[in-house]
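Novice: Sequence and predicted structure below; questions after.
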Amino acid sequence: MLGRAQQPATTPAQQAPATSKQAPAAQQGQSMPEKAPEAPIQPVLSGPYPVMSKAALDRGRQLFEMFSHVQTGEMWSALSENLRTMSDKQAARAKKGASGKEAFAEVNKKLREAMGPETQMIEENIVPYLYAPDTIYSRLSMFGKVHLPVVTTIIFNQRGEIDDFPPPRPMQTIAEGRYAGYEDTAKLKLPFEGEWLVYHGGRNIFQNPYSVADDSRFAMDFVYLKDGKLFSGAGGVGGKAEDYYCFGQPILAPADGQVVRAISGYDDVAIGKPNGDAADGNMIIISHGNGESSMFNHLKQNSLKVKNDDKVKQGDVIAECGNSGMGGIPHVHYQFQRGAGAGLPAQFNDYIANGKLVVIGEPVRGQMVKNAPPGTDTSAAAGSSAPATPATGKPATTSGTASAKPPSK
């Protein structure tokens, strides 16, 4: 569900449509849980830092270093015009005689003093912003005066200007859940053709906001990109679902099974504008036997190729990607689960993540993934499973989880 989950759930800048004052997404049943930056984003359609490019990743790191080294003058200069204007207005309302630049410098200095220096970079990734052609840089770090890993999130445009930089905050520690050690019986394949970005996936909140609750703990969101972008044009709340490259893409059965639920009549809605329909929108649940099932929701209206009780084979087209219910934007929301209840880890077989073959693994946020071609020799990669990231919130290496590898430009 991409309306409620654009960023890790405890990161500073969870998106939702601009100007909205929504309840936390997990309470809404919405799919991509984020809320918008406080300042309106003016779309920038080109620049030296294309969305999801290597240059954008480097720019994210550079902006973080400005913050880390308390280079507040440089950071102020890097803010977008809208964000500087908002800061000036906030300072004027405070009536303390300080300019927006001075107030910004004071807040950042105090924050860094309270946190201490960064002592370890645990993990980083980049993903595209849902509602504008921006890049989101997320970084999980240890700081000298903070006892938990800290999530820092920076949203910036293609000119490298910061559109949002909320205060970093410690990552919430979560329980691993009763199915943490579960091994799938079904031999799952990725449910799409071609290469897609894992927008949400993993076992900690940095990677996956769904990890906070048993019923959605291992859910995933996938999006299809072209030149690193989610959509054509400027994007924005209220835009057309058809502008998003995911819309209408075929969705495949991840394993053999039988359809136990199929709903197809809900409308596809405008971007970030739910219309009051059921949160899941159009959906399919496939039973794979052994108490395991796959659920897809927010499917395109009247695109279902199956009905209740139909039997499907792995790789069959079952529907098309849509934006029904509270999906936020078109995307593939997938959940492997115990019957119709608690979430299970989805362990996919024989796929390629960031260019490397994975025999069996759990995709995580920031990876570019696709099914390995039929007949791929997996013997040389035996043992190259992608282990789950610890859900404890304790420092961990990125081995086996792969941070973002943006498309080459």
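Specialist: Cool, the structure landed. Numbering: from 1, shown residues only.
Novice: Can I get stretch 150-163 in CSV? Just the C-alpha atoms.
Specialist: Presented in CSV, the C-alpha positions along stretch 150-163 are these (Å, rounded to 0.1, in the frame of the first residue of the first chain):
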residue,chain,number,x,y,z
VAL,A,150,18.9,6.9,14.0
VAL,A,151,17.1,7.3,10.7
THR,A,152,17.9,10.4,8.6
THR,A,153,15.8,11.2,5.5
ILE,A,154,16.4,13.9,2.9
ILE,A,155,14.1,14.6,0.0
PHE,A,156,15.7,16.6,-2.8
ASN,A,157,14.9,17.6,-6.4
GLN,A,158,16.9,17.1,-9.6
ARG,A,159,18.8,20.4,-9.0
GLY,A,160,19.9,18.9,-5.7
GLU,A,161,17.8,21.3,-3.6
ILE,A,162,16.3,20.0,-0.4
ASP,A,163,12.5,19.9,-0.5
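Novice: Pull out the buried positions in it.
Specialist: Under the neighbour-count criterion of 16 or more other Cβ atoms under 10 Å, stretch 150-163 has 150-158, 160-163 buried. Heads up, the C-betas are built off the backbone N, CA and C, glycines and all.
Novice: Go through these and name the one nearest residue 187.
Specialist: For the buried residues of stretch 150-163, the minimum distance to residue 187 (Cβ to Cβ) is 34.2 Å, reached by residue 151.
Novice: returning to that earlier point: which two among the buried residues of stretch 150-163 are spaced furthest apart?
Specialist: Greatest spacing in these, by Cβ to Cβ: 150 and 158 (27.0 Å).
Novice: domain assignment for the protein?
Specialist: Domain assignment for the chain by automatic domain parsing gives 25-170, 196-381.
Novice: Quick check: end-to-end length of the last one?
Specialist: Counting by Cα to Cα, to the nearest Å, the length from the leading to the trailing residue of domain 196-381 is 22 Å.
Novice: and that domain, what's its mean pLDDT?
Specialist: Looking at domain 196-381 alone, the average pLDDT works out to 95.
Novice: Show me how far it is from its chain's centre.
Specialist: The offset between the C-alpha centroid of domain 196-381 and the centroid of the whole chain comes to 12 Å, using Cα atoms, centre = their mean, to the nearest Å.
Novice: cool, and the shortest one?
Specialist: Relative to the mean C-alpha coordinate of its chain, domain 25-170 is positioned 17 Å out (Cα atoms, centre = their mean).
Novice: what's the neighbour count on residue 94?
Specialist: For residue 94, the number of neighbouring residues by other Cβ atoms under 10 Å comes to 11.
Novice: With residue 138 instead?
Specialist: In terms of burial, residue 138 registers 27 neighbours under the definition other Cβ under 10 Å.
Novice: My guess is residue 169 contacts residue 148. True?
Specialist: No. Look at residue 169 against residue 148 with Cβ atoms under 8 Å: they stay out of range, at 9.3 Å.
Novice: Got phi/psi on residue 146?
Specialist: Backbone geometry at residue 146, expressed as degrees, to the nearest 10, gives phi -120, psi 130.
Novice: measure it to residue 64 for me?
Specialist: Using Cβ to Cβ, to the nearest Å, one gets 16 Å for the distance from residue 146 to residue 64.
Novice: okay, those two: which has more neighbours?
Specialist: More crowded of residue 146 and residue 64, by other Cβ under 10 Å: residue 64, with 22 against 17.
Novice: Now do the helix or strand encompassing that one, average pLDDT.
Specialist: Taking DSSP states H and E as the definition, one finds residue 64 inside helix 54-68. Averaged across helix 54-68, pLDDT comes to 97.
Novice: Quick one: list the elements packing against that helix.
Specialist: Packed against helix 54-68 by the contact rule (3 or more Cβ pairs under 8 Å, 6 or more residues apart in numbering; DSSP states H and E) you find helix 72-78, helix 100-115, strand 118-128, strand 135-143, strand 150-156.
Novice: Make CSV out of those and add mean pLDDT.
Specialist: Rendered in CSV, the data for the helices and strands packed on helix 54-68 read as follows (pLDDT from 0 to 100):
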stretch, mean pLDDT
helix 72-78, 95
helix 100-115, 92
strand 118-128, 97
strand 135-143, 98
strand 150-156, 97
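Novice: out of those, nearest to residue 320?
Specialist: Comparing these against residue 320 with Cβ to Cβ, the closest turns out to be strand 118-128 (21.2 Å).
Novice: buried set for the closest one?
Specialist: Within strand 118-128, the residues that qualify as buried are 118, 121, 122, 123, 124, 125, 126, 127, 128, counting by 16+ other Cβ under 10 Å.
Novice: tell me which strands and helices that strand is in contact with?
Specialist: The criterion is 3+ Cβ pairs under 8 Å, 6+ apart, and the helices and strands that strand 118-128 contacts are helix 54-68, strand 135-143, strand 196-200.
Novice: so what strands line up beside that strand?
Specialist: Each strand paired with strand 118-128, and its direction, by DSSP bridges: strand 135-143 (antiparallel).
Novice: Could you check how far residue 246 is from residue 46?
Specialist: Distance of residue 246 to residue 46, computed by Cβ to Cβ: 22 Å.
Novice: what's the answer for residue 222, then?
Specialist: 26 Å.
Novice: the more surrounded of these two?
Specialist: It is residue 222, of residue 222 and residue 46, that has more neighbours when counted by other Cβ under 10 Å, with 25 against 10.
Novice: Lovely, talk soon.
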